[in-house]
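1. structural data only, the sequence is not supplied:
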């Protein structure tokens, strides 16, 4: 009798979901915190709010945006890395995750162990921008002007994601341009508009309204081919620096150890959102390039890893240093 009872208990236990499975079956039961590791009004913040609104509709619970800026995305990323792996705190971030590692920056978390990739949300074109008072209209003219005025020009950046491509530009052209770092794209753009700095390489979304208003000039985009969302602008390669290429990307992460069923649920919902024609049109109008092809957690992890390898090689070859 005791043996039969033990076998029955064991059989029942085997059929019950484990702690992770039980958590996933009940998820979501409350609001979700979506951490943006940058100040409001930047491209990552805008995309996070766009995706967050639609994700809240899909899941039936609020998705609350929380801006935690500082240290090139490290403060917000660390917050998520240290959060409970229960699906109620997630991160939207992108290029800085690779650039910080490429620069050898000492991080308070292990990006591989402590952050679980969920889904890529978008690509964002990178613009080379100048103040309209600067007498250059192409990348070739900028190179010529910078070489004729060494140390006289300055560029602004709001993160390593903007500074590293500009430092690569300097290394490839042999120019001396002073770096002025900012805590956020808003203050950087304000000074670029005011002429306190002369140029910048920046994600397209935040500066586009100023470009369309004729207050900033685009010399080229960083991608190797023209963008479907910004077809009127040449690539930086076309405009005077062949071989130069950079692109910003972003996606969602969960704390390491988050149950796979929760990761898969968020992935499915976001992939569905990104495939919606109305949402894709909104993304393109804002300056984002929608993701094409497979968009699994594994594919997102592969993209980040490949960018770490690429930019680590560039840092070694050029001797670039984080400022």
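-> Cool, the structure landed. Since the structure is predicted, the reported quantities are computational estimates derived from the model, not experimental observations. Numbering: from 1, shown residues only.
2. flag every buried residue along stretch 120-137.
-> Neighbour counts over stretch 120-137 (16 or more other Cβ atoms under 10 Å) mark 120-131, 134, 136 as buried. Where C-beta positions appear, they are placed from N, C-alpha and C, glycine not excepted.
3. name all residues that make contact with residue 196.
-> When contacts are counted by Cβ atoms under 8 Å, 6 or more residues apart in numbering, residue 196 is found next to 154, 180.
4. tell me how many other residues crowd the closest residue to residue 160 other than its chain neighbours.
-> Spatially, and ignoring its direct neighbours in sequence, residue 160 is nearest to residue 99 (4.2 Å; Cβ to Cβ, 6 or more residues apart in numbering). Other residues within reach of residue 99, judged by other Cβ atoms under 10 Å, total 25.
5. any idea how far residue 99 is from residue 199?
-> As for residue 99, its distance to residue 199 is 19 Å (criterion: Cβ to Cβ, to the nearest Å).
6. same check on residue 236?
-> Distance of residue 236 to residue 199, given as Cβ to Cβ: 12 Å.
7. what of residue 185?
-> Counting by Cβ to Cβ - residue 185 and residue 199 are separated by 14 Å.
8. the more surrounded of these two?
-> Relative neighbour count places residue 185 above the other of residue 185 and residue 199, with 28 against 24, counting by other Cβ under 10 Å.
9. tell me the secondary structure of residue 223, please.
-> Per DSSP: H, G, I helix; E, B strand; the rest coil, the secondary structure class of residue 223 is coil.
10. for residue 246, see how far away it is.
-> Per Cβ to Cβ, residue 223 is found 8 Å from residue 246.
11. repeat for residue 79
-> Going from residue 79 to residue 246 by Cβ to Cβ gives 27 Å.
12. can you check residue 59 too?
-> Taken as Cβ to Cβ, the span from residue 59 to residue 246 is 34 Å.
13. what does residue 172 give?
-> To residue 246, residue 172 is 11 Å away according to Cβ to Cβ.
14. cool, and residue 194?
-> Taking Cβ to Cβ as the measure, residue 194 falls 26 Å from residue 246.
15. more neighbours, these two?
-> Neighbours of residue 194 and residue 246, each counted by other Cβ under 10 Å, are more numerous for residue 246; the result is 24 against 9.
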